[in-house]
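> Kindly generate the corresponding structure for this input.
(chains A and B)
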Amino acid sequence: MPRLYDREIKSRLMLGTAQYPSPAILAEAFRRSGAGIATVSLRREAGAAREGQAFWDLIRALNVELLPNTAGCHSAREAVTTAQMAREIFGTNWIKLEVIGHADTLQPDPFGLLEAARILCAEGFEVFPYCTEDLVLCARLIEAGCRVLMPWGAPIGTGLGLNNMYGLRALRAHFPDVPLVIDAGLGLPSQAARAMELGYDAVLLNTAVARAGDPAAMAEAFARAVEAGRLAYEADPMTPRDMAAPSTPILGKAFL
Amino acid sequence: MTAPVTIRGAGVVGLCVATELLARGVPMILRDPAPAPGPQACSWWAGGMLAPFCEGFSAEEPVIRLGQQAAAWWAAQGVPILRRGSLVVTLDRDRRELDVFARRTQGHRLVAGKDLAAIEPHLADRHDRALHFETEAHIDPRAALVHLHRRLVEAGAVFEQDDRVPEGRVIDCRGLAAQDSLPDLRGVRGEMVMLRSNDLVLTRPVRLLHPRFPLYIVPRGAGVFMLGATQIESAGRGGATARSVMELLSAAYALHPALGEAEVLEIGADARPAFPDNLPRIRRQGETIHVNGLFRHGFLLSPAMARMVAGLILNGERPEGMDEDHGERCGA
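Got it, this is the predicted structure:
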């Protein structure tokens, strides 16, 4: 299993914790999928008196690694403040850094993201930046101190899968040693399998599971797809070719 | 004669339990820190939709089944009830959401074009199709609380304005306030807005499916509409946030632009009591029976819960939502 900031993860599937029909179903999704990391959003549940405590306690009881995020932040300053609050509340240096640049597409703001990543890395955070698949941006994020990258597959919540296969493949090729996690846009297990076949280290999803008719079953489906995709990657797949080649030897065939 | 049982909490659950016990001749006292139904109760802020099939989209089976008793129960208490069904619509862009909703719920039919115009003409100005859940109903929750309260007073029920723990047998219906004895109870915050529009006429609740800002709008008569409701994992009972209000109002405006001209009457917020599976529980702790965790289904499920509590007290019938310890779920 890959190490993210020196912590070995127990599963290549990470799940968000929003939008489930109930915390009980959320817990069942984690149980059935074996997902090892839960992202948790601080923003709307926060509040001076920690009014979201009961829900966070339920998430803590899942006994998985917590990855707080800065979901819904639209500027570097907001994201930095949210990250600082998250560190205090959840007692972890991990932060999934989201800086939204466009209200409709929820596309990451690469400039705000880089700015916030620099500040947070300097403050000792272990930053998981939610970014586009842009090679140059990713290089800058690494320079800023990020040791994990989380490029999107497609815009958040769309379920469109991997929109830019070329870009994602290039990213893997250019950063062979940086853990890469597909974050956002996955709708089906086959898309998660495809990400793993590309050599990505893990996937993170939320809506595809939480909004399925049976979230726990869908979580398990994703877990199996992730496992299959990773196994395929490690097994070094054959190369597609145009010339048909018989898989059964023709020697010894009866000559009529 | 046996000593009276004390019902703690006179929100929708407490009042329904009291009504059921009174009807069966069980002596009881209702104890609540407030003198009458009002904004201190979470149920004051409710939508009042009796919509078990729509709720079935995200709620589990007991909600659909037990919720079907609600409309008849409220009608039997003399609460004015509108049985006009409910409608579910989407914006054009999100039309596929309507297909998913239809697939995962029951008791609806698709109404489009002229058929929609025939039942809800103003909605048809803006929407060309909707799911009609014909058997669903709605009530005015505040009027219903006041009505139950008045009927209980008239029938001679004893009300104590008191927050102390009573002696003897107790039915604890305090909602989130019972967190002190129910550690697995949590608050789920909801925010709502009341509007008055002289331009828009809707005669039944309408739900707008929206990927980011789902909304329901419940007509309360005389041009008054209730918009609800956010669902945030927080026990905060403070004022609604600007963002939540903005989201509710934007969604309402998208549902029908006439609401842009409406007068804002009220903005409210409270926290619903919920257990981890968002299903209600009847839980016995010594001499206390808790009825709690009705989540967003206070008016929908209180009648069924009240009947079960009465059956338990009078005849020792073990209700399906009962647990002596933690962990069992309603309907399991």
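> Just list the residues touching the residue of the stretch 151-256 of chain A found nearest chain B, thanks.
Nearest residue of the stretch 151-256 of chain A to chain B: A:G213, at 5.6 Å (C-beta to the nearest C-beta). The way it works is simple: take the backbone N, C-alpha and C, and place the C-beta from them, glycine included. Applying C-beta atoms under 8 Å, 6 or more residues apart in numbering or on different chains, we find A:G213 in contact with B:103-104.
> ok, now how distant is it from A:R224?
As for A:G213, its distance to A:R224 is 18 Å (criterion: C-beta to C-beta, to the nearest Å).
> Check B:W74 too.
From B:W74 to A:R224 the distance is 47 Å (C-beta to C-beta).
> Which one's more surrounded, these two?
B:W74 (25 against 14; other C-beta atoms under 10 Å in any protein chain shown).
> Provide a list of residues in contact with the more buried one.
Contacts of B:W74 by C-beta under 8 Å, 6+ apart are B:50, B:81, B:137, B:139, B:144, B:299, B:303.
> Give me the phi and psi for it.
The phi/psi pair for B:W74 (degrees, to the nearest 10) reads phi -60, psi -40.
> Can you pull the phi and psi angles for the closest residue in space to B:H297 that isn't next to it in sequence?
The shortest distance from B:H297 to any residue other than its chain neighbours is 5.8 Å, reached at B:V63 (C-beta to C-beta, 6 or more residues apart in numbering or on different chains). Dihedral pair for B:V63: phi -70, psi -40, per degrees, to the nearest 10.
> Check the one 3 residues further on too.
Main-chain torsions, B:L66, degrees, to the nearest 10: phi -70, psi -30.
> how many neighbours does the nearest residue to it once chain neighbours are set aside have?
Excluding its sequence neighbours, the residue lying closest to B:L66 (C-beta to C-beta, 6+ apart) is B:A304, at 3.8 Å. Neighbour count for B:A304, taken as other C-beta under 10 Å: 25.
> gap between B:A304 and B:C16?
9 Å.
> residues shared between the contacts of these two?
With C-beta under 8 Å, 6+ apart as the test, B:A304 and B:C16 both reach B:W73.
> Restrict the helix or strand harbouring the residue nearest to B:L66 to CA atoms and write it as PDB.
Here B:A304 sits within helix B:298-315, counting by DSSP states H and E. The C-alpha coordinates for helix B:298-315 follow below in PDB (Å, rounded to 0.1, in the frame of the first residue of the first chain):
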ATOM      1  CA  GLY B 298     -42.100  14.900  13.400                       C
ATOM      2  CA  PHE B 299     -45.600  15.400  12.000                       C
ATOM      3  CA  LEU B 300     -45.300  12.300   9.800                       C
ATOM      4  CA  LEU B 301     -44.300   9.800  12.500                       C
ATOM      5  CA  SER B 302     -45.600  11.200  15.800                       C
ATOM      6  CA  PRO B 303     -49.000   9.600  15.300                       C
ATOM      7  CA  ALA B 304     -47.600   6.200  14.800                       C
ATOM      8  CA  MET B 305     -45.100   6.600  17.700                       C
ATOM      9  CA  ALA B 306     -47.800   7.900  20.000                       C
ATOM     10  CA  ARG B 307     -50.000   4.900  19.300                       C
ATOM     11  CA  MET B 308     -47.100   2.500  19.900                       C
ATOM     12  CA  VAL B 309     -46.300   4.200  23.200                       C
ATOM     13  CA  ALA B 310     -49.900   4.000  24.300                       C
ATOM     14  CA  GLY B 311     -50.000   0.300  23.300                       C
ATOM     15  CA  LEU B 312     -46.800  -0.300  25.300                       C
ATOM     16  CA  ILE B 313     -48.100   1.400  28.500                       C
ATOM     17  CA  LEU B 314     -51.600   0.000  28.400                       C
ATOM     18  CA  ASN B 315     -51.100  -3.500  27.100                       C
END
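> now for it, which elements pack on it?
Packing contacts for helix B:298-315, counted by 3 or more C-beta pairs under 8 Å, 6 or more residues apart in numbering or on different chains; DSSP states H and E, involve helix B:12-23, strand B:49-50, helix B:61-67, helix B:70-76, helix B:141-154, strand B:281-285, strand B:288-292.
> Would you mark the buried spots in that helix?
B:298-310, B:312-313 (16 or more other C-beta atoms under 10 Å in any protein chain shown).
> Nearest to A:Q191 among these?
Nearest to A:Q191, judged by C-beta to C-beta, of those is B:L300 at 37.6 Å.
> ok, that closest one touching B:G67?
Yes. B:L300 lies in contact with B:G67 (C-beta atoms under 8 Å); the separation is 4.3 Å.
> per-domain residue ranges of chain B.
B:5-51+B:139-183+B:276-315, B:86-134+B:186-274 (automatic domain parsing).
> so which of those gets nearest A:I182?
Evaluated over these, closeness to A:I182 peaks at domain B:86-134+B:186-274, with 20.6 Å, by C-beta to C-beta.
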